[in-house]
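Novice: Need the 3D shape of this:
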Amino acid sequence: MEDYVFKIVVIGDSAVGKTQLLGCFTPDEFFLDSKSTIGIEFQTRTVDIARHRVEAQIWDTAGQERYRAVTSAYYRGALNAMLVYDRTFDHVARWVAELRAHADKSIVVMLVGNKADLAGAAARRAVAADEADAFAEEQGLFFSEASALSGDNVERAFLTLLQEIHANVSRKKLEAVHRARSQGHQAVAR
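Specialist: Numbering: from 1, shown residues only. All right, here's what the predicted structure looks like:
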């Protein structure tokens, strides 16, 4: 039985590799003939974090503009988001703005540059890692590069998200306990 269930939404433009990253993390498979996601797809994986069983419910959203109204409804209740880009950064700022408009204010977001295996091919990869990292820092996001094709850093990216939200949830529980204790002490003193 899980101690926590954390919802993660995976967002980004069409064909950046969101489904491939998810497939690499959940059933550990990569499909060369993957089709575009229509609407929303959903997968889970249970992991151990700080001696707790955590179920990651991962919602893979369609990147096409025509599905944007449907997918933004799935931001509600998400504690984590993974914003994926590949060769360019064209719409990343718009995705961040949309996420902030529809998601909980305490959502933990990781910017993931997928297809890191293309990093050596400058003509095919227009965004340098330091540029993406600077954008992530400016926006208060975590940053990682990954490759669903090779599997490099995929596990680490998802686990970093889950560990960070676990730390946030644990911190909030501890603060609530301290508040309750201090209110109890104040009631006794009166």
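Novice: Could you report the neighbour count for the residue lying closest to Ala50 once chain neighbours are set aside?
Specialist: In this structure, Ala50 finds its nearest non-sequential neighbour in His166, 6.1 Å apart by C-beta to C-beta, 6 or more residues apart in numbering. From N, CA and C alone the C-beta is placed, and that goes for glycine too. Per other C-beta atoms under 10 Å, the neighbour tally for His166 reads 20.
Novice: Quick one: classify His166 as helix, strand or coil.
Specialist: Secondary structure, DSSP: H, G, I helix; E, B strand; the rest coil: His166 is helix.
Novice: what pLDDT, on average, does the strand or helix carrying Arg53 get?
Specialist: Using DSSP states H and E, Arg53 sits within strand 52-61. The average pLDDT within strand 52-61 is 90.
Novice: Sheet-wise, list the partners of that strand with their directions.
Specialist: Counting by DSSP bridges, the strands paired with strand 52-61 are strand 4-12 (parallel), strand 40-49 (antiparallel).
Novice: Nearest spatial neighbour of Val84, chain-adjacent residues omitted?
Specialist: Gly12 (3.7 Å).
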